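[1] Just a sequence and a predicted model for now, questions to come.
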Amino acid sequence: MTNTDKIREWIVEQKQSGSLRPGDKLPSYKVFMDLFHISYLTVSHTLNKLAREGLVECRRGRGTYLAGGNELTVLLNIHPTTISFDRMRKLLNKHLANADLHLNVELAPVEEINNPVHRDEIARKYKAALSIYPFARNEVELPPADLTQMHDYKDVVDGLVRVDGISCDNALPFTFYSYQLGVNRGLLKKIGMQLEQLVPGFDWWEDFVSRCRKADLLPASFDYTKNSVFLFQDFLLLLFSLVPYDARKYEGVQPLFDTPEGHRFLSIIRDTEPIVDVLHDCRSFFHNGAVLHFQLGSWITVQNQESNRPDKEIRDLEIVPYRTSDGRKLCFLDPDCLKVYFRHDTTLEERSRVWELMKIMVSREFQMDYCGASGLLSANRAILPTEYFWNRTNRWHGFFPGQEDVVVYGRTHFSPNLRASLAVLLENYRFFHADASETLRRMDGKMFFFYVQCANSYLQHISKKGDVSCESSTDSQKR
């Protein structure tokens, strides 16, 4: 071990034991010389090297200090509809109280990061910014950091739920939005049906709609924003329940939509009412005006009838888990990650402090509080379903996947461009009376187009790497 390693290790041990705190003055050169039996020049060289690493600060004429005593302002972008700014501040204050990180965390809506003006402002004002953000989103914002450089990166990631095909190099798994079929049990009873009748396959749909019409009730509703591209995504779980996952269908090789199940999928969307004014429209599922909601999130468990959510007032709420044809529960999880961005002038020590903040935010203790306040599922493996505050009686166990359940991760099966294209076709059918069969054929056409496009891109990529020849790539494209 070199002298530099010995002194570095000693300083880190003093910091971890609490003998040295950020901003404290280190022993004199004479103490280091006696402690490690080294010369004055060696001590000077070593401390200057550790200063370049960001572990210590050398102040001319005043001595050497443990770095981290200066306050670092960090921006944290969150979804304010998932957790309020006030509640998030309280959580951060609670869990950072004894951390000695000297961080000033400012909060902002995560949506602002998509605005070029705000992105430029963030880059100028903050050395570091964090975002709670969808995993698979195409990024156009600040350049993400490389977390793999952190010494305990692997240990941290191993304690979190990872999604196959999604890299954790720049972000940590954070939470999951869990969705199931939402039911207003009182209205269901009013039309003469029970929860047990809502079986997989939706063979009961036509009779159900007829009963709702007679009772002057909406069968189902969904929140709709004009000119958005989320219509297809709002019914994605319904699609997976009608058409179990099959790579040939979901990758565009065989028809997915122009099938009997696809026609039923379209008829259900036709009978579902779009709600534009989600705050006041009494026809909404969230105002007891519709019997079903096809993609109800677990967040409703804590936000239903809260004083700050007047748009969520369901009196007799239940969920019915989607199931496959063989009876297995189908769970739809939409992952969020905790992503970090470092400006070029952020020191190693400052990056280390932000990394410590990230570790706190994915810890069991923080996640218990965060998910208890938001109604989301944690990515921390150490939390059991009944440990969530909102599921302490196991009432909402349907939101949690078990070992034998089928889990579908949102944003991993359809690219953003494909989802937008399919949403436009669904809007043309639902709002502008496009022909059903033609709509389904065109949706399959889009699937096939994007599948071939992705396959060609992959072949071109590996041909450039020399894995296949250009000739074999061309032949594969023709086939």
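    Here it is on my side, so go on.
[2] drop to CA atoms for contacts and neighbour counts, all remaining ones
    Fine.
[3] can you pull the buried residues of stretch 60-78?
    64-69, 72-78 (16 or more other C-alpha atoms under 10 Å).
[4] what's the average pLDDT for stretch 23-30?
    In this model, stretch 23-30 has a mean pLDDT of 88.
[5] Now the spatially most central residue of the chain: closest residue in space, sequence neighbours ignored.
    Of all residues in the chain, the one closest to the mean position by C-alpha atoms, centre = their mean is residue 336, 0.9 Å from it. Distances taken as C-alpha to C-alpha, 6 or more residues apart in numbering place residue 134 nearest to residue 336, at 4.4 Å, with adjacent residues excluded.
[6] Relative to residue 172, how far out is that neighbour?
    For residue 134, the distance to residue 172 equals 11 Å [C-alpha to C-alpha, to the nearest Å].
[7] Common neighbours of those two, please.
    Counting by C-alpha atoms under 8 Å, 6 or more residues apart in numbering, the contacts common to residue 134 and residue 172 are residue 337.
[8] between the two, who's got more neighbours?
    Taking other C-alpha atoms under 10 Å, residue 134 and residue 172 do not tie; residue 172 has more neighbours (27 against 19).
[9] before we move on, back to that, what secondary structure does the residue nearest to the centre of the chain sit in?
    Here residue 336 is recorded as strand under DSSP: H, G, I helix; E, B strand; the rest coil.
[10] for the stretch 1-150 of the chain, what spans make up the helices?
    With DSSP state H, counting those that start in this stretch applied, the stretch 1-150 of the chain shows helices at 3-17, 29-36, 40-53, 85-96, 116-125, listed in chain order.
[11] Highest average neighbour count across those: which stretch is it?
    Sort the helices of the stretch 1-150 of the chain by mean neighbour count, taking mean count of other C-alpha atoms under 10 Å, and helix 40-53 sits at the top with a mean of 16.
[12] what are the C-alpha coordinates of it, in CSV please?
    The C-alpha trace of helix 40-53 is given here as CSV (Å, rounded to 0.1, in the frame of the first residue of the first chain):
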residue,chain,number,x,y,z
TYR,A,40,7.3,16.7,4.9
LEU,A,41,7.4,16.6,1.1
THR,A,42,5.6,13.2,1.0
VAL,A,43,2.8,14.6,3.2
SER,A,44,2.5,17.7,1.0
HIS,A,45,2.5,15.7,-2.2
THR,A,46,-0.1,13.3,-0.8
LEU,A,47,-2.5,15.9,0.5
ASN,A,48,-2.3,17.8,-2.7
LYS,A,49,-3.2,14.6,-4.6
LEU,A,50,-6.1,13.9,-2.3
ALA,A,51,-7.3,17.5,-2.8
ARG,A,52,-7.3,16.9,-6.6
GLU,A,53,-9.5,13.8,-5.8
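[13] That helix: how far from the chain's middle?
    Distance of helix 40-53 from the chain centroid (C-alpha atoms, centre = their mean, to the nearest Å) equals 43 Å.
[14] between that helix and helix 3-17, how many degrees?
    Note on geometry: by axes from the mean of the first three to the mean of the last three C-alpha atoms, to 10 degrees, helix 40-53 and helix 3-17 are set 60 degrees apart in direction.
[15] Where does pLDDT dip in the stretch 101-250 of the chain?
    135-142 (pLDDT under 70).
[16] make it 80
    Residue ranges of the stretch 101-250 of the chain with pLDDT under 80: 113-116, 119, 135-143, 165, 227-229, 247.
[17] Tell me where the stretch 351-479 of the chain has strands.
    377-378, 406-409 (DSSP state E, counting those that start in this stretch).
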